Every structure is written in C-alpha cells, then in structure tokens.
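Asker: Give me coordinates for this.
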Amino acid sequence: MPRSHTRLRRAAATLAALPLLALGAGQALAAPAPLPAHAPAGQAAASRVAAIEDGVARTLAAALADPAVRERLRAATAATDTPAALAPLAAAADGPAARGLAEATATADRGIASAKGLGADLGPLLRVQLADPSMRPALAAGTAPLVATAVTDDHARTVRAYDSAGRAHELATDRLPTRPVYLVDLDSAKTLTAGIAVLQRELGSRGIAPAETAQSLASGWWGTKITSVRVSDDEEPWFKGAAEMFALVSGFGLDGKVRVDSVAMPYLQYDGSTYYPNQILVNWSNYKYNLADVVLMEDDGDTNYLALAQAIAAVLLTIADQGAYIPLVNAVLGAMPASWWVDDPDYVESWYTLARSSSGRLNGARGNGWMTVEPYYVQQF
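Answerer: Next up is the predicted model:
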C-alpha cells in the first residue's frame with residue numbers, strides 16, 4: 001500500500017529499464033514510463049483531509065475531559081474492534097463539550113466530502129476506535145486516553161496525539177503506547193462507494209466511460225474474474241488504519257473511443273494478506289479489442305475523485321484508436337495530480353495488456369502485487 005517517495009522513485013527507475021515486450025504482428029508494448037519527478041516529500045503540504053482529521057482528534061481529546069463523554073466513548077468501543085461513527089456518538093452525549101464535538105464533527109464531515117470531490121449528503125464520515133484491544137483494561141481502570149489520527153504512512157517514526165488539556169504528544173510508531181490511544185479515521189468504504197460513482201459519472205459525461213454497455217448480447221458476455229489478489233508485504237503498525245482500494249480498467253470501447261471503468265475493491269484493505277474475491281474485473285462486451293489495462297489505486301483518505309476523473313479525461317480524450325491496441329497505463333499514471341506521488345502515493349500497481357483469455361497468476365508491472373484471474377462467462381437469464 002502506501003510507499004515512501006524514495007521507494008516509489010526506485011521502482012520507477014526499475015520499470016523504466018524494462019525492455020519492450022513483443023506482442024506479435026508488428027506490435028510492441030512500451031515499458032512503463034518513469035514516474036514524474038516532483039518536489040521532495042518534505043516540501044509537501046499536509047492534505048486537507050489529514051488537517052481536518054487532526055483538528056477533530058484535538059477536539060475529541062478536549063471533550064474527553066468530560067467524564068460522561070469519556071464513558072460513552074469507552075462503552076462504544078469496549079466490546080468490538082469495529083470503529084464507531086463519531087457524529088452519532090457525539091450527538092448522543094450532553095453538555096458543552098459534547099455539543100462542541102458534535103458541531104466540529106459535522107463541519108469536518110462536510111469539509112472532507114468537499115476535499116474528496118464528493119456530494120454533501122454522505123452523512124457521517126469520521127470514525128473512532130481504540131488503537132489496540134490490549135488498551136481496554138487501562139481505560140476501564142480510569143487511565144486518561146490520548147487521541148490521534150490513523151496515519152497512512154507506514155514509515156512514519158512518530159504519531160501526534162492529544163490529551164484532554166490540548167497538549168500534543170509524539171508517540172513512537174515502533175512500539176505500542178503504554179497509555180490508551182483512540183484513533184480517528186475515515187469511513188473510506190463509504191467514501192469509496194461515493195467516489196466510484198463520481199468517477200463513473202464524470203468520465204461518462206466526457207464520453208470516457210459510457211453509462212451503459214453499448215452492445216447487448218442475448219445469451220451473456222465474457223468477463224475476467226479475480227480469484228485471488230495480494231499486494232506486497234509490509235508490517236502493519238499499530239497506528240495505521242485499513243485502506244480502501246479500487247481499480248481503473250482502461251481500453252477502447254466499441255465506438256473506438258478510450259473507455260475507463262472503475263471497479264471498487266473494498267475488501268483489499270491490508271498488504272501482506274491474500275484475498276479471494278471472485279470478483280468480475282472486466283466486462284469484455286464493453287471493449288473493442290480483447291486487451292485492457294488495469295491500474296490499482298488506493299484511497300488513503302485524501303483522494304479527490306472529481307479531480308482524478310477530470311485529470312484522466314483531459315489526457316485520455318487526446319488518444320485516438322489507430323486500428324491497433326494501445327496500452328493506456330502510462331497515460332493514466334501521467335494524468336494523476338503531482339501531489340499523489342509525494343510520500344503516500346495513491347498508485348499501487350498496474351497490469352498491462354490483460355487479455356480476455358488471461359488465466360493464472362499475473363504479476364504487476366511494479367512488482368508490488370499479483371492477482372490470479374480466469375475467463376468467466378456471465379449467463380443471462
């Protein structure tokens with residue numbers, strides 16, 4: 001999942017050195033283009049989403065000075081590892097601290113939806129959970145907790161947390177804190193669903209992804225099914241929340257125009273784990289050629305789906321069908337906003353020239369993941 005800028009650039013250099021892969025009949029597949037060079041990671045400004053989450057963490061920590069708020073939060077997280085929606089929890093409490101938290105959370109939810117290019121009617125987006133179940137006895141004994149945000153950078157050395165007096169504490173990431181810590185993070189399953197809808201709507205409005213299949217087959221259609229998928233292993237530190245993944249499948253539609261289909265993969269949350277989704281990745285009845293490309297993306301909190309769709313459309317609309325399949329991965333990667341290549345890139349992996357007949361294990365171009373696929377016929381009733 002997220003990789004440091006150094007490792008990303010190293011991967012880019014490796015990919016750039018790959019030779020051309022012969023396709024036959026005079027065609028050739030260009031090796032992945034090197035990733036764009038951007039400002040050093042240290043010069044990147046904090047994302048709007050991260051800043052909003054940090055502000056809510058500080059507000060929640062202050063609200064925990066109220067014993068009633070503290071007990072309500074403890075009870076909400078006492079029996080489950082599932083994050084609790086923060087807005088309903090704050091609204092259910094009473095008193096100035098709870099009302100201030102409820103107002104701040106509602107404002108934050110709207111700000112996050114705006115920053116991600118989503119509609120304003122998504123409802124609660126922020127959640128809270130205990131960083132580790134082993135912290136529950138200390139909470140029950142009355143130990144005052146800290147509040148932090150679920151940082152997405154696997155390589156962070158410290159995490160900032162707040163106490164009820166508003167003081168900041170730097171917690172080491174290589175060991176579990178001795179004091180209970182609540183983590184504020186984003187309900188990215190909800191934002192992913194809404195984001196995929198934004199992508200499809202925005203791309204469709206530009207003729208990149210038609211809303212409906214252009215060809216109707218009476219008996220059914222062929223697809224490519226993912227039977228298993230995995231991204232490379234990294235240790236999951238205590239401060240990191242689960243990610244949400246999606247794929248961009250690109251090729252040429254039946255009308256000869258570039259087409260991009262967004263595929264949600266919300267189950268793919270942790271690297272180092274193999275998932276068995278049996279998910280349809282490509283509907284081949286939508287494509288002119290029997291080849292398509294796949295780019296695997298991660299929504300680590302700051303993904304702006306509207307900006308992504310607009311950037312991709314601006315680049316892909318310039319590509320015309322020349323009577324032979326043209327790989328589109330480089331164009332998709334080149335369209336991504338520059339900020340996505342700094343520190344925690346949203347780009348995870350890519351697969352070139354996935355064919356309708358592809359079967360078995362397919363390693364990604366970055367060497368950062370693999371998936372096993374098989375042709376699958378979808379029978380119509």
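
Asker: switch to C-alpha atoms for all contacts and neighbour counts from now on
Answerer: OK.

Asker: Show me the shaky parts of the stretch 151-300 of the chain.
Answerer: 152-154, 209-218, 233-237, 240-243, 300 (pLDDT under 70).

Asker: the strands in it, which residues?
Answerer: In the stretch 151-300 of the chain, the strands defined using DSSP state E, counting those that start in this stretch lie at 158-162, 168-172, 181-186, 220-231, 244-252, 258-265, 279-283, 291-299.

Asker: Packed most tightly, which of those would that be?
Answerer: Counting by mean count of other Cα atoms under 10 Å, strand 181-186 has the highest mean neighbour count of the strands of the stretch 151-300 of the chain, with a mean of 27.

Asker: re earlier: among the strands of the stretch 151-300 of the chain, which comes closest to T105?
Answerer: Closest of these to T105 is strand 181-186, at 11.0 Å (criterion: Cα to Cα).

Asker: contacting residues around the closest one?
Answerer: With contact meaning Cα atoms under 8 Å, 6 or more residues apart in numbering, strand 181-186 is reached by 53, 56-57, 125-132, 135, 145-150, 161, 239, 241, 301.

Asker: could you redo the last one with a cut-off of 6 Å?
Answerer: Residues from elsewhere that reach strand 181-186, judged by Cα atoms under 6 Å, 6 or more residues apart in numbering: 125-131, 145-150.

Asker: Which of the residues you listed fall within strands?
Answerer: Of the contacts of strand 181-186, the ones assigned to strands by DSSP state E are 126-130, 146-149.

Asker: Look up phi and psi at Y376.
Answerer: phi -140, psi 130 (degrees, to the nearest 10).

Asker: Name all residues that make contact with the nearest residue to it once chain neighbours are set aside.
Answerer: Nearest non-adjacent residue to Y376, counting by Cα to Cα, 6 or more residues apart in numbering: G223, 5.1 Å away. Counting by Cα under 6 Å, 6+ apart, G223 touches 282-284, 375-376.

Asker: if we look at the sheet, which residues does the most centrally placed residue in the chain bridge to?
Answerer: Compute the mean C-alpha point of the chain, and by Cα atoms, centre = their mean the closest residue is D299, 1.7 Å away. Under DSSP bridges, the beta-bridge partners of D299 are E244.

Asker: Distance of it relative to F246?
Answerer: 8 Å (Cα to Cα, to the nearest Å).

Asker: which one among the ones in strands among the contacts of strand 181-186 gets closest to A194?
Answerer: Taking Cα to Cα as the measure, A194 lies nearest L126 of the ones in strands among the contacts of strand 181-186, at 14.9 Å.

Asker: where does that closest one land on pLDDT?
Answerer: As predicted, L126 sits at a pLDDT of 94.

Asker: which residues touch it?
Answerer: Taking Cα under 6 Å, 6+ apart as the definition, contacts of L126 comprise 86, 185-187.

Asker: Could you dump the contacts of G223 into TSV with distance to T274 added?
Answerer: Shown next, in TSV, are the contacts of G223 (distance: Cα to Cα, whole Å):
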residue	distance to T274
V282	20
N283	24
W284	26
P375	20
Y376	21
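
Asker: Pull the distance from stretch 151-166 to the chain's centre.
Answerer: 20 Å (Cα atoms, centre = their mean, to the nearest Å).

Asker: what's the span of it from first residue to last?
Answerer: Per Cα to Cα, the first residue of stretch 151-166 is 19 Å away from its last.

Asker: and for that stretch, what are the contacting residues?
Answerer: 58, 61-62, 64-65, 146-148, 168-173, 240.

Asker: Looking at those, which one is closest to R206?
Answerer: For those, the nearest to R206 is K240 (36.6 Å; Cα to Cα).

Asker: Could you grab the helix/strand/coil label for the residue nearest to D302 when sequence neighbours are not counted?
Answerer: In space, and not counting its chain neighbours, D302 is closest to V49: 5.6 Å by Cα to Cα, 6+ apart. Following DSSP: H, G, I helix; E, B strand; the rest coil, V49 is assigned to helix.

Asker: Just give me the neighbour total for V49.
Answerer: V49 is flanked by 24 other residues according to other Cα atoms under 10 Å.

Asker: before we move on, what about the one 3 residues further on?
Answerer: Neighbour count of I52, defined by other Cα under 10 Å: 18.

Asker: longest helix in the chain, by residue count?
Answerer: When the chain is parsed with DSSP state H, its longest helix is helix 96-115.

Asker: buried stuff in stretch 357-370?
Answerer: 358-359, 362-366, 368-370 (16 or more other Cα atoms under 10 Å).

Asker: Pick out the most distant pair among the contacts of strand 181-186.
Answerer: By the measure Cα to Cα, L125 and P145 form the most distant pair in those, at 22.3 Å.

Asker: of all the strands of the stretch 151-300 of the chain, which lies closest to A92?
Answerer: Across the strands of the stretch 151-300 of the chain, closest to A92 is strand 181-186 (Cα to Cα), at 17.9 Å.

Asker: Check the secondary structure at M135 for me.
Answerer: M135 ends up helix, using three-state DSSP.

Asker: That one: what's it in contact with?
Answerer: P180.

Asker: Can you give me the pLDDT of it?
Answerer: M135 is given a pLDDT of 92.

Asker: Out of the ones in strands among the contacts of strand 181-186, which end up buried?
Answerer: Here, 16+ other Cα under 10 Å leaves 126-130, 146-149 buried among those.

Asker: ok, so of those residues, who is nearest Y289?
Answerer: Distances from Y289 to these, taken by Cα to Cα, are shortest for L126, at 42.4 Å.

Asker: List the beta-bridge partners for that closest one.
Answerer: Residues in beta-bridge contact with L126 (DSSP bridges): L186.

Asker: what's the spacing between it and R259?
Answerer: 33 Å.

Asker: One more: A98?
Answerer: A98 is 48 Å from R259, by Cα to Cα.
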